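Q: need a 3D model of the sequence below.
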Amino acid sequence: MTCIGNSGELSDEVTAAINAKNLVVSSVLSGNRNFEGRVHPLTRANYLASPPLVVAYALAGRMNIDFETEPIQKDKDGHDVFLRDLWPTRDEVQKVTISVIKPEMFKEVYSKISAGTDRWNSLVAPSGDLYEWNDSTYIHNPPFFSSMNIELPQLSNFSKAKCLLNFGDSITTDHISPAGKIAKNSPAAKYLQDRSIQPIDFNTYGA
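A: Numbers count the residues shown, from 1 in each chain. As a prediction, the model looks like this:
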């Protein structure tokens, strides 16, 4: 039930099987996008579902299930358990919601949200109007800013301009600018490892 790869790494056995047989494996996520590789670089088919359905698919352990006619699992007595046996009514959901979600929770958090924690406030940060770029593995000064002027240049006529990239319909923003997990065999992984960052310490592209 996570998005952009924060669910962690697959087991080595699963990864090896997917790569060896070039498998198209899938996931079910309660997120906002189901792009290829959104949950993990190796999950090429991803389906959006409500949080309870995500849990139901996890309990079933497979995607090719008809919840109307097939049981998810069996109970401790060996009886079939269907989705309809587990699915809560609206009243049941509302009862739990009212019992645990209180206005005071939000008031308490938002009353001090801008104060920061002791750990945050103890961080040493430079002052000034401009960011002091350093040799970070997280953020770099974009090179195209170095030659940019405040005054916009005069546009000239373009002649014989060529298309740089022509993508098909299956290309998404996650392919162009991924936000999820950094795959161990990706260019980003090589860049980090060349700087002594080991895969166990990789974060996500979004971070």
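Q: next SSE downstream of the helix or strand of the chain with the lowest mean pLDDT?
A: The weakest-scoring helix or strand in the chain, judged by mean pLDDT, DSSP states H and E, is helix 173-176 (a mean of 76). Going down the chain from helix 173-176, the next helix or strand is helix 187-193, by DSSP states H and E.
Q: alpha carbons of whichever strand or helix holds Ala45, as PDB, please.
A: Per DSSP H and E: Ala45 is located in strand 43-48. The C-alpha trace of strand 43-48 is given here as PDB (Å, rounded to 0.1, in the frame of the first residue of the first chain):
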ATOM      1  CA  THR A  43       6.800  -4.000 -11.900                       C
ATOM      2  CA  ARG A  44       5.700  -3.200 -15.500                       C
ATOM      3  CA  ALA A  45       1.900  -3.600 -15.000                       C
ATOM      4  CA  ASN A  46       0.400  -1.600 -12.100                       C
ATOM      5  CA  TYR A  47      -3.300  -1.300 -11.200                       C
ATOM      6  CA  LEU A  48      -5.000   1.300  -9.100                       C
END
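Q: give me the distance from it to the chain's centre.
A: 12 Å (CA atoms, centre = their mean, to the nearest Å).
Q: go on, stretch 82-100?
A: 27 Å.
Q: in it, what's buried?
A: Buried residues in stretch 82-100, counted by 16 or more other CB atoms under 10 Å: Leu83. Heads up, the C-betas are built off the backbone N, CA and C, glycines and all.
Q: remind me which residues of the chain are low pLDDT?
A: 1-7 (pLDDT under 70).
Q: could you export the least confident helix or strand of the chain as PDB, CA atoms only?
A: Taking Å, rounded to 0.1, in the frame of the first residue of the first chain, the C-alpha atoms of helix 173-176 are listed here in PDB:
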ATOM      1  CA  THR A 173       6.400  11.300 -17.000                       C
ATOM      2  CA  ASP A 174       7.700   8.500 -14.700                       C
ATOM      3  CA  HIS A 175       9.900   7.300 -17.600                       C
ATOM      4  CA  ILE A 176      11.100  10.700 -18.400                       C
END
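Q: what sits against Asp75?
A: Taking CB atoms under 8 Å, 6 or more residues apart in numbering as the criterion, Asp75 is in contact with Val81.
Q: for Val24, see how far away it is.
A: 33 Å (CB to CB, to the nearest Å).
Q: again with Arg195
A: Going from Arg195 to Val24 by CB to CB gives 33 Å.
Q: Met148 now?
A: 43 Å.
Q: again with Lys162
A: For Lys162 relative to Val24 (CB to CB), the value is 34 Å.
Q: neighbour-wise, which of the two wins?
A: Taking other CB atoms under 10 Å, Lys162 and Val24 do not tie; Val24 has more neighbours (11 against 4).
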